[in-house]
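J.: when you get a sec, could you give me coordinates for this:
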Amino acid sequence: MNIYARTLSALKPHLRQLVTASTSAALHAIMAGVLLWMIGPLMMTLFEVSSLPIIGAESGAIESQTVQTESPVDVAPALVAESWIATIKETIKGWISSAVAGTDRTETLFNFCILILGVSLLKNVFYYIQGFFMVWVQQSIMLDFRNRLFEKYQRLSLGYFHSRRTGEVISRVTNDVVVLNDSIDIGFNRLVTDVVTVIVLALSLIILSWELTLMAAIVLPIVFGFIYYIGRKMRKYSERAQQKMADVNSVLEEAVNNVRIVKAFSMEKFETNKFKTTTRNYFLSLVRMVRIRHLSSPINDILATIAGISIVYYAGTKIMSGLGSLDVGDFMTFILVMFTMIKPVKSLSQIHVKLQEGMAAAERIFEVLDAREKIVEQPGAREIGAFDESIEFDRVCFSYKDDVPVLTEVSFTVRRGEVIAIVGPSGAGKSTLLDLLPRFYDPTGGSVRIDGRDLREVSLQSLRGLMGIVTQETYLFNDTIYNNIDYGQNGIGAGKVEEAARMANAQEFITTFPDGFDTRVGNRGIMLSGGQRQRLAIARALLKDPRILIFDEATSALDTESEALVQQAIDRLMSNRTALVVAHRLSTVKNSDRILVLEAGRIVEEGSHDQLIESDGLYRRLYNMQFRNGR
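T.: This next block holds a predicted model:
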């Protein structure tokens, strides 16, 4: 679908407000036109001028000669059109005259003032209605797009975010939506008002003098040709500027999240210079865009002024020489209307430019909304309420990129209640293997089944509801300890939250805080130590009471004391549950039911700890390197 059509389709839910705003904008423009039409009759009343001679007797020969040089066929249509236009003009002036007619000039002037006040009040009432409902539409569009983008992000797989910078992801919801909103504001708020104003004023000019209007129209093709050229340039520069803004967001987000590392390595100056370079690049791209945008206004202004001056000089000399077809009031009205028309024409020239900026933002927004969702539920996906038998990995293959396999023909079975440890060198595919179980990714070959059902046939919510996941990098929200433990449980109750914290060995350190469970943990739990964060993550998993546990090197980054406390909590959590453990320093390795040894995406060894030690293979080499201290 065309990008314009797709953007317009977002307005459908707000059509009533948009129609109200557009109608009010049109009525506002019409009232402005009516005010201008009063100028001529008002001038005539104030200065008691009837008219200037249009063509005197002395010029009759010229008029007669002109008529004789044209054939009746050529003259008739022009005369009919001119007569029709003159009739309309006199009718409008007659309406105004009848509305303000008084017994003398003073009463007529008073009636003029009352009429002008009434029309002005109406104009501003319509202006307010237009502004109110247009803001409603604009903010609703921003709300809709931001919600749609966030919902889309929730549906996209982990792979989408791993391949993009966080700042770029955020920029779609913040900066791009604002740019699109500005475009909608210009495209509809100003478009309706200015288009109707230009139409009303253009018709007024034609009615007042079609010859002078035709003369003014000569400049329009030049103006609109220039507008089109500027618009094309703006779209390109706008895309670049929005990308540079995403770069700024990315650098800022990384510096804030990694502030501890930045300070530890004394890289404040480096990060500052990097940020300055990024903001400088954004500044330069923005300057280029603004330079092109603002070039259109003065050029159009100059062209319109040249046209206006030419008309004033031409018509003025005609009137002063007694050859004009306008009376003083009509001429004054024409001049005011013509110069009043410059502003909306200039505004219209900016609309195309602004729309191109908005369309560049819309393309980036729809790029996200159109992104393929790799992890989707099949129609009629089954709910799975329990885990009764086994988990099967059947010849599973996986690759993030088509030409780089991460897992190759991996097959094994986990029976209910078993604890399976997965070990192997870095990059062997251990974490990726576990990510397939909650369907963070789907295998590119083979299948993963739970109780005989392919995971792709099971609803995501019911599947993930069976699982508790604890990883090396603990993810906490900038919220209270209580809410982090209670996350996803819909207010299960303070007693159960406290019991989960106690079982996770977290109760002791929580009670040392003045606010206890109401203590806020900071961004990503920065106010807590690594061991404390891990124990909160285990408490969260305990509260969920999952049937299947996934541990991904949950204690590898902890000190000895923290590891012991966390390991106790893990042992409680794994009691009577099925567990898959990516092991680094976990003592669970030796006590697990089976150990799978991965190398280059393949299972190269399988067995108990004692069996694998005796086989003198990869596991024994890893054990000698990593577990020689009896861990």
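
J.: what mean pLDDT does the strand or helix carrying Val251 get?
T.: In the assignment (DSSP states H and E), Val251 maps to helix 220-257. The average of the pLDDT scores along helix 220-257 is 71.

J.: pull out the buried positions in stretch 443-450.
T.: By 16 or more other CB atoms under 10 Å, the buried positions in stretch 443-450 come out as 443, 446-450. Yep, even glycine has a C-beta here, placed from its N, CA and C like the rest.

J.: check stretch 405-425 too.
T.: Judged by neighbour count using 16+ other CB under 10 Å, the buried positions of stretch 405-425 are 405-408, 410, 412, 414, 418-424.

J.: same check on stretch 360-371?
T.: Using 16+ other CB under 10 Å as the test for burial, stretch 360-371 gives 360-365, 368.

J.: cool, and stretch 481-491?
T.: Residues 481-487 are the ones in stretch 481-491 that count as buried (16+ other CB under 10 Å).

J.: same thing with stretch 278-298?
T.: The neighbour-count check on stretch 278-298 (16+ other CB under 10 Å) flags 278-279, 281-282, 285-286, 289, 292-293, 296 as buried.

J.: I'd like those as JSON lines, with distance to Val337 appended.
T.: Listed next are the buried residues of stretch 278-298 as JSON lines, based on distance: CB to CB, whole Å:
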{"residue": "Thr278", "distance to Val337": "49"}
{"residue": "Thr279", "distance to Val337": "46"}
{"residue": "Asn281", "distance to Val337": "46"}
{"residue": "Tyr282", "distance to Val337": "43"}
{"residue": "Ser285", "distance to Val337": "40"}
{"residue": "Leu286", "distance to Val337": "37"}
{"residue": "Met289", "distance to Val337": "34"}
{"residue": "Ile292", "distance to Val337": "31"}
{"residue": "Arg293", "distance to Val337": "28"}
{"residue": "Ser296", "distance to Val337": "23"}
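
J.: which two from those residues end up farthest apart in space?
T.: Pairwise distances across these peak at 28.7 Å for Thr278 and Ser296 (criterion: CB to CB).

J.: count the residues that sit near Lys401.
T.: When counting by other CB atoms under 10 Å, one arrives at 8 neighbours for Lys401.

J.: let me fix that: Glu599
T.: Neighbours of Glu599 under the rule other CB under 10 Å: 18.

J.: tell me the pLDDT at it?
T.: Here the pLDDT value assigned to Glu599 is 91.

J.: relative to Arg572, how far out is Ser529?
T.: Here the criterion is CB to CB, to the nearest Å. By it, Ser529 lies 20 Å from Arg572.

J.: same thing with Gly427?
T.: Remark: distance between Gly427 and Arg572 (CB to CB) = 32 Å.

J.: so the residue nearest the centre of the chain is in which element?
T.: Central residue of the chain (CA atoms, centre = their mean): Val177, 3.1 Å from the mean position. According to DSSP H and E, Val177 maps onto helix 177-184.

J.: so what's the closest residue to Gly33 other than its chain neighbours up against?
T.: Nearest non-adjacent residue to Gly33, counting by CB to CB, 6 or more residues apart in numbering: Val200, 3.8 Å away. Neighbour list for Val200: 29-30, 32-33 [criterion: CB atoms under 8 Å, 6 or more residues apart in numbering].

J.: let me have the buried residues of stretch 360-371 in a markdown table, extended by secondary structure.
T.: What follows is these, written out as a markdown table (DSSP: H, G, I helix; E, B strand; the rest coil):
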| residue | secondary structure |
| --- | --- |
| Ala360 | helix |
| Ala361 | helix |
| Ala362 | helix |
| Glu363 | helix |
| Arg364 | helix |
| Ile365 | helix |
| Val368 | helix |
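
J.: name the nearest of the residues you listed relative to Ser250.
T.: Nearest to Ser250 among the buried residues of stretch 360-371, counting by CB to CB, is Arg364 at 14.5 Å.

J.: where is pLDDT lowest across the buried residues of stretch 278-298?
T.: Ser296 (65).
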